[in-house]
Structure formats: C-alpha cells, structure tokens
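Asker: From the sequence below, what's the structure:
(one chain, ligands or ions: 1)
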Amino acid sequence: MDIQNPYGHFSDDGREFVITDPRTPAPWINYSWNDGYAALVSHTGGGFSFYVDPRDNRILRQRYNGLPWDRPGRYLYVRDRASGAVHSLTWCPTETLDYDFYECRHGQGYTTITTERGGIRGAVTYFVPRTDPAELWQIELTNTGAETRELDLFSYAELILGNALNDLINQPNDKHFSDVQFDAELQALMATRHYWVTNRGVSVAQPNQAWPYVLAVGFVGAEVASFDGGREAFIGRWRSESNPIGIEKGKLSGSEITHGDPCAALHTAVTLAPGETKKLTVILAMVPKETAQESARELLATYRADGAVESALEEVRRYWTSHLDTLQVETPDEILNVMLNVWLRYQTAVTFDMARNAGYYHGGLLFGTGIRDQMQDLWGDALLAEPNRVRERIIEVLGYQFADGSTLHNFFRIVKAGEKTGHSDTPLWVPFGIMCYLRETGDLAFLDQTVKFYDGGEGTVREHLARAFDYVLSELTERGLPKFGPGDWNDTLDYVGRGGKGETMWGAGFLAAQLRDAVELFRFIGDQSRADGYQSAYDRLAATVNELCWDGDWYVRGFKDSGDVIGSAQNTEGRIFINAQSWMVISGIAPEARGTRALESVAEHLDTDKGPQLLGPAYRTVDPTIGLATRCVPGKKENGAIFNHAAAWLVLAEWVAGNGDRAWSLQRRMLPPVVGQDADRYLTEPYVTSEYVTSPEHPTFGEASHSWLTGSGVWTYRNCLDWLLGMRPTYDGLLLDPCLPSDWPGFKATRRFRGGTYQIEVTNPNSTSGRGLVSLTLDGVAHDPSQPMPVPPPGTTIAVRAVMR
Ligand code: NOJ
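Answerer: Residues are numbered from 1 along each chain as shown. A predicted model of the protein is given here:
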C-alpha cells in the first residue's frame, strides 16, 4: 500500500487495523454489538457499553470531559506477587510505564490488545457474542521469561446500570439506589439499581420503577479469589484507576454496596511456568431482575462450558465474513479495495445500529436515532447482507410517521418517543429509504404491509410513502419551493426559515431527486396516475428552481424568511454552498450547461487538496437570521469545513455528470487512509470516515472530528459501488454503468444481488475517463449495455464481461 500511517496499518487481508503505537492522537475505537447489547472499545481498553439505548440503559460508564481522557475502561491488571509490580494488559490506565510490546487489532466485531511487560505477555480480546446480552473479555496470559511467575489478575469495570443522562446530572441522588452483591454459588458479582429513570426528557419527576436487570460479572476458567462491588473500596481515597488500593494490596476488600458508585472488580491467582500460557475470560451478562439467579446461572454455565467462548468468537467472525462476502471488489487502487471490501461497509453497519448516538463524539445522551440518518444508513452493509433487518427497521421508523406524512425528527427506542422539530427534509428521507430497499431487494410486496402511524390509524407502506410526498408537496411556499423551516439537511442553518417563508435550494434538489425516483417506482408498479402527478411536480419544481435560483455561475443556497438570499455572489460570506450545486446535478434539475458551470464554480471556489469545503468563504460575522453555522469558528463543522457527507454528494454529482477523472481524484483524496496519513494533524481513525475535516479557513487545516457516526460512510460506499463501479440496482435488475478514471485498466467485482451473484469484469482498453460501455456479455451472451442485467436466480452466478468505450 502506498499510504503509511505512523500509528498503524491494515492487516494483509484488510480485515484488521493494527495499531502499533498506543500514543495515537485520539482514542481510536471499535464497536462490538448484537441486537441488544453494544460495546465501544478503544485501543487502550476504554469505552462504554449499553443495552438497546445508550442514554436510557447504560451499563459501563464513560467519564465525559475527564482527564486523562478515555476513562474508565475494561481494565485488566497483572500484579507480580514477588515484586508487587503492577501493569495493565491494555496499556491504559498504567500508560506511564514502559512496555516491551503493544499492539491493538481492531477487527469486525472484536478488538484484540496485546502487550508485554516484565516477561508477561497478555492478549485480551473484547467482544459481544452474537446472541446473548453480554460482553466477553477473553484473556491469554503467557510467561515469556525463564522463571515461574506467581501472579494476581484483576478485572475492573465501573458501572452505571441505568440512565446515563441521569447519572451525569443527578449523581448524588442516583447513588442511593445501587446494589452490588457477590453470589457465592455463581461466583459472580450481581449488580443492579433499584431505580430507573426513563423520563422522556429531563425531569425531576421520579419514575416509580427499578432497573429491570441484573448485571452478572464472573470468570470463565478461573476462581474468584477476592472481589469489590464498590468503586470507593476498590480505588481507595485520593487514587485513580492507575493505582487502585485493592490491587496494591494484592487482595480486594470484598465490598458489597447498597449505595455509592458500583463497580465490578474480580481477582484471581495465576501461576505460569516458563513459556506457559493460560486462558480465562471475564463475562458481563445482563439478566432479567425477576429471574436473576436462575438466568445468570444458565448464562454463566453456557459460557463456562468447554470451548464456548472460543465458539462465540468464531461465530462473530463468521457473521462478519458472511456480510463482507456479499461484495468483493478488485480495483487498481488498494486503498479503495480495503475500504469497499471491509471498512466502509463495516462503518455503515455501525451507523445502521448506532445512528449518530453512541460514539466518542456523540456521547449517547442527546440524539437518539435520527430518522434522516437512519433512512440513509440502511442503504449500507445491512441492505446487502441482512435485508430483513432493514425491512424491520423501516417498519420501526414508519411507526414514528404521523398520519399527515410528517415525522418525528428522532426517536429513543426504550421510551418510544422523540422530538418533532419540523426540519424540512426529515419526512422525505422516509420514501428515500423505502425506495433504496425496494430497488435492492425487489420486495414489492412490502408496499402492501400495514404499519401504524405514530398518532393513530394505519396505512400500507405504500400509503406511508405517498403521504410523505403529499405532506412535503403541501408544504411548499407560494413560489413552489420547499420551506427551509428550522433546518434542512444542514442542521446549522437553523434560523433561515423559522418564520415559514424561507426556502431551501438543497431541499429543492433533494425533493426533485425523490420525485424522479418515485415516478420510476409508481410506473413500475403500474400506478400511472401517481407517477404522472410526481412527474408534473418534478417539472414544476425544476422550472421554478431554474427561474428563481440561478445566480449566474451557481445556484443560490436559499432565501431567508425576509426574502434575502444566501449562498449568492451578492453575499460577502457564505457566497457558494456545495449542496445547492451537487443536488441540482444529481436530481437532473440543472440543464447541462448550468450543471457544468455549477460544478466548475465549486472547483474554483471550494476545492482544497483534502476535499471540497461545504461553503465558502466561511462566515466570520454572526448572523442570527442564519443561525448556528455563523456562530461556529470559520473552517470547522458546517461553517466551511470539508464536511464529508456533503463532499460525498459532490463526488456523486461528478460521477452523475460523467466526469470520471475529476470524481475519482476528489474521492481518493478523501478516503480516510489517504486524508488521515498525516495522523498527528488528522487525529481520528484512518480506517473510517469522519464527519468533517477542517478546511484552509481554519488554522488546523486537515484536522478531523466526529469519526464513525457520519452519513459520509454510507454515501462514500454507495457512490463508489453504484457510480464509480456503476453497479446500480433497478427494479428490473442490476444496471452496469461504470464511470472510471482514465488510468484504470478496469476492475473486477463479485456482487450479491437478491440471492444470486454477478461476477463482473470490466476492462477499459482505451483509457476512457467517464461512462459508456461498448459491449456487455452475460455468461458469454451479448446483452444491451443500456439495459439492466437480469436478476440471477438465487444461488446462481452470472459471469459478466464488459468493455468501456
Ligand atoms: C450531523 C447530523 O447527524 C446530520 O443529520 C446532519 O444532516 C448533518 N450533521 C449536517 O448538519
């Protein structure tokens, strides 16, 4: 690989990112999760866990804004009985010590951290098993020295057990309800809380309920020699995780608590002959409170059976292999290969389940699941690998749609509530997501499924979809443009249109694109009258936009309630916005000459060598009639950073326009391993996209933030798959329409589609930049390249050979 990173590299098969120096510029994290239980794991053993909702049902604690950062964690300490020397197997929280070896391997659904110090090598694999609400810390300890070693091993986790927001804002009160006892029969700490806050918002009202679970924490393959259930007893006065008193003494105090900060600390003794390796595992398992002992006995027994932990880890690996097998590409670009075959896909699996909620930058306290985000994220890995889960998720989201077609903006799973903010775009992501699902799966029967509306009544999926359009079209301004409302996709243009008059041009492009897709769908299912209605709405919108919104060299971004324009050459700041150009091209609204000019203007005014800015010049004057974007420092976030979600839409527009070289050049510079190679500047993980990278308008140009939970993951993945490689799902089959850069001789891909497989090879003998196939054969038989390829029957493979013009 021509790209290096000072802190780590991809494994040869691309399936792992291997961190070799723990002093990364930020915690570089990973996720492991199943349907209910989720764990975030940093490369030094940090991270938190939760069950179903990171706000309402937090299990392990993360301390916000603390120093040192990334505390506490899932810590494992080794103490040498002869010398009393202590070190952590994951570097933190004893990072001031010298280590002889450190390596962290983040893979799909697991993280393995290996360290060596003082002749003790420890490898810890953290993972959440596929089926049970639990996390496992599998430990391998090896004596690499020549003497027998008498060791103590301590595991430690700090617990919340309930509402994380309440934990933060009502700490002293929350502490009165914790309860941790040691169950001698199960050899496990049993931790619970006799109080659970599930208020829909912040409130002093006391819900009269207990946390309905018990967290059982025990060893697999080791005896408990001592334990602590209270943090104070374990850590000791005026100490921290770096030097707990319990570990210094070599024996834990046996604390059981009925108030205070709960923890789960266990101790076992390990003797290792020279060269000997011993294995043990720490298990944290959630069980229902009513049947706590019985359920814990069962679950612990499951994992205490011979080979059970290893099998559970194998199952995790198999699960991800089956996901990744749905698509494998071989392009001339090794970085793209690793991103498309593994990491972008894995990132979209994470965003599908974590939304913009459970992350190191989104602390899991505020956002819940955004409907806008959810309906985009479902287009990623899950759609190819587990379309049934996508179907279920769409049904869940439709449950937050009102009968008039509007929606909540976000929702929280446990309380089944969210906010209705009035963002103008949110309702329209509903049809977007449904149509993505339908094109990929061909599951048109889904349209007939009945789902309840949030405010009562029910309708088929088709009605839900149609009502979203009806609602959005009924909300247009007098001039026929979408209202801005308290924000569109851009949450920080939040005061442009609160009066109900402001108009969004990105919204117009997005609406037009959805109308065009709806025309295709309704035509396909034979509802010509709806198709015609949407076609007329599209035509009217296109005409209005072109009449009112062309600024001379680009499209304006919108109009305020006052009628003043934003994103125009008339403005001195925020003169041009990327989204108003890209979506006019993506939606086909822009006549060719205007589309070309708009994209040229982006190149002239917004390009940087790390990607295009969201807008330019960034705002330097606070404008309360625009909002948050103007309050943000120039060059960061939505005030003119390289905002990767929007940047991905620009690349898409370039591909749609057929500009193969320009699109790929933009795309490549933004791939995380490329833009992230200057790691000390970039800061975040080089294996997943980040929400934004600072632009030259900020002194830190090139600094990334908000990694993992960003829509740029799914759009970068889909753009490369659907437009660069050109494998686009249609209702009739997969259309092959690549848009290659001229220096690519071709590519190969194996793509699963509705149960069958296309095995594709495209050659580019004339170094074409752009679109256009001259020939296409299916199993050796010529096929019209302008037509979708027939769907391979389930279990069969079609060999596709195509030649670029
Ligand atoms: C992040 C939010 O999660 C996303 O929904 C939004 O579209 C972007 N910020 C842009 O403001």
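Asker: got a list of what the residue of the stretch 201-350 of the chain found nearest the ligand touches?
Answerer: Of all residues in the stretch 201-350 of the chain, residue 350 sits closest to the ligand, at 14.0 Å by CB to the nearest ligand atom. C-betas here are computed from N, CA, C, even on glycine. Taking CB atoms under 8 Å, 6 or more residues apart in numbering as the criterion, residue 350 is in contact with 31, 688, 708, 709, 713.
Asker: what's the closest of those residues to the ligand?
Answerer: When the contacts of residue 350 are compared for distance to the ligand (CB to the nearest ligand atom), residue 709 wins out at 7.6 Å.
Asker: Looks like the closest one contacts residue 357 (just checking).
Answerer: Yes. Applying CB atoms under 8 Å, one finds residue 709 in contact with residue 357, separated by 7.3 Å.
Asker: Please enumerate the strands of the stretch 201-350 of the chain.
Answerer: For the stretch 201-350 of the chain, applying DSSP state E, counting those that start in this stretch gives strands covering 213-220, 226-230, 262-272, 277-288, 327-330.
Asker: of all those strands, which lies closest to residue 105?
Answerer: strand 277-288 (17.4 Å; CB to CB).
Asker: So for that closest one, what gets flagged as buried?
Answerer: 278, 280, 281, 282, 283, 284, 285, 286, 287 (16 or more other CB atoms under 10 Å).
Asker: Equivalent analysis for stretch 1-15, please.
Answerer: Under 16+ other CB under 10 Å, the buried positions of stretch 1-15 are 3, 5, 7, 8, 9, 10, 14, 15.
Asker: from those, which ones fall inside strands?
Answerer: Cross-referencing these against strands under DSSP state E gives 8, 9, 10.
Asker: what's the neighbour count on the closest residue to residue 196 other than its chain neighbours?
Answerer: Spatial nearest neighbour of residue 196, chain neighbours left out: residue 211 (4.1 Å); criterion: CB to CB, 6 or more residues apart in numbering. For residue 211, the count of nearby residues is 23 (other CB atoms under 10 Å).
Asker: Hmm, residue 211 is touching residue 198, no?
Answerer: No. In this structure, residue 211 is not within contact of residue 198 by CB under 8 Å, at 9.7 Å.
Asker: So which bits of the protein are right by the ligand?
Answerer: 356, 370, 372, 373, 489, 490, 491, 492, 638 (CB under 6 Å from any ligand atom).
Asker: so which strand or helix has the third one?
Answerer: This points to residue 372. helix 371-377 (DSSP states H and E).
Asker: give me the residue from the stretch 401-550 of the chain nearest the ligand.
Answerer: residue 491 (3.8 Å).
Asker: Would you mind giving me the confidence score for that residue?
Answerer: For residue 491, the model assigns a pLDDT of 97.
Asker: Is it correct that it is in contact with residue 425?
Answerer: No. If you go by CB under 8 Å, residue 491 and residue 425 don't touch, sitting 10.0 Å apart.
Asker: Neighbour count for the two, which is higher?
Answerer: Set residue 491 next to residue 425 and count neighbours by other CB under 10 Å: residue 425 wins out with 24 against 18.
Asker: In contact with that one, which residues?
Answerer: Contacts of residue 425 (CB under 8 Å, 6+ apart): 372, 488, 489, 504, 507, 510.
Asker: how close does the third one sit to residue 73?
Answerer: Which is residue 489. 35 Å (CB to CB, to the nearest Å).
Asker: The fifth one too?
Answerer: Using CB to CB, one gets 43 Å for the distance from residue 507 to residue 73.
Asker: now the helices: where do they sit in the stretch 301-450 of the chain?
Answerer: 308-324, 334-338, 344-354, 371-377, 381-385, 387-398, 429-441 (DSSP state H, counting those that start in this stretch).
Asker: ok, residue 614 - how many residues close by?
Answerer: Residue 614 has 28 nearby residues by other CB under 10 Å.
Asker: Is there a neighbour count for the residue nearest to it when sequence neighbours are not counted? I'd like the number.
Answerer: Spatial nearest neighbour of residue 614, chain neighbours left out: residue 643 (4.0 Å); criterion: CB to CB, 6+ apart. Residues within reach of residue 643, counting by other CB under 10 Å, total 28.
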